[in-house]
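In: Here's a sequence, model it:
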Amino acid sequence: MNFYAFDSFQGLPMVNDSDVFPQFKPGMLCTTEESFRKKIKSVNLPENRIRLIKGFYQNSLTSEL
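Out: Have a look, this model is predicted:
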């Protein structure tokens, strides 16, 4: 099985309607690619089966993908 990880590595994006979930701020939940890869390794997921797709969903999760 392959694992596809979509992440901007920039944290949460800015949203137009901040009243929906005011506890979530832009940049929260930010991590680095290095930290993510360390986490993968720590739970023994095979790195050769992991594909990282960087970017926010609206830019990276496309029909071409």
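
In: Quick check: closest non-adjacent residue to M28.
Out: With sequence-adjacent residues excluded and distances taken as CB to CB, 6 or more residues apart in numbering, M28 is closest to L12, at 5.0 Å. Every residue, glycine included, has its C-beta placed from N, CA and C.

In: how about the one you found, what does it touch?
Out: The contact partners of L12, by CB atoms under 8 Å, 6 or more residues apart in numbering, come to 24-29.

In: could I get those residues as JSON lines with distance to V43?
Out: Below are the contacts of L12 laid out as JSON lines (distance: CB to CB, whole Å):
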{"residue": "F24", "distance to V43": "26"}
{"residue": "K25", "distance to V43": "28"}
{"residue": "P26", "distance to V43": "29"}
{"residue": "G27", "distance to V43": "26"}
{"residue": "M28", "distance to V43": "23"}
{"residue": "L29", "distance to V43": "19"}
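
In: Just the buried ones from those residues?
Out: Neighbour-count burial (16 or more other CB atoms under 10 Å) is assigned to none of the contacts of L12.
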